[in-house]
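In: Build me a model from this:
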Amino acid sequence: MARVTEQEVKEINRETALTVDEVTPFLRLASNIVDAQLADTGQSAVVLGDIELLCAAALIAHSDRQVTEEKHGDSSAKYGGQLGTGWLFTSYGQMAVAMDQSGKLAAMSHVKGAASLEVLELVDTD
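Out: Numbers count the residues shown, from 1 in each chain. Coordinates of the predicted model:
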């Protein structure tokens, strides 16, 4: 059961154009995450509610990525945040991680493995 309301999520994430009803699935996800990962960590109900609120705002912000740079000639756009950083992707998630005294949200945000890509130059030997 959610510790906060959809309206509270909208009040903290003012950038979203989502309606209160459209916030519900994000709040449900945040509530499930807090229940599954943090409910037994000994943090107060108030802190868990704040973390839930910030997680819901982070999920919304992640799905509603903000354009940080635009270019109109030859159309271009640049979006904020770095994919693959978990809760650290948004300022809301960063605040949730900072509030979580158990460190579980921070652990969820660490990339489990690294990938690399090397581009080789093909040389025509003919």
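In: Neighbours of Leu18, how many?
Out: 18 (other C-beta atoms under 10 Å). Just so you know, the C-beta spots here come from the backbone N, C-alpha and C atoms, and that holds for glycine as well.
In: Could you do His72 as well?
Out: 7.
In: could you measure it against Val47, distance?
Out: Distance of His72 to Val47, computed by C-beta to C-beta, to the nearest Å: 45 Å.
In: quick one: contacts for Ser31?
Out: The contact partners of Ser31, taken as C-beta atoms under 8 Å, 6 or more residues apart in numbering, are 1-3, 52, 56.
In: Helix, strand, or coil at it?
Out: Three-state call for Ser31 (DSSP: H, G, I helix; E, B strand; the rest coil): helix.
In: what pLDDT does it get?
Out: Ser31 carries a pLDDT score of 97 in this model.
In: Same question for Ala115.
Out: Ala115 is given a pLDDT of 47.
In: what does Gln37 give?
Out: Per the predicted model, pLDDT is 95 at Gln37.
In: What is the burial count for it?
Out: 17.
In: Quickly note the distance from it to Phe26.
Out: 16 Å.
In: what do you get for Leu38?
Out: The separation that Leu38 has from Phe26, given C-beta to C-beta, amounts to 17 Å.
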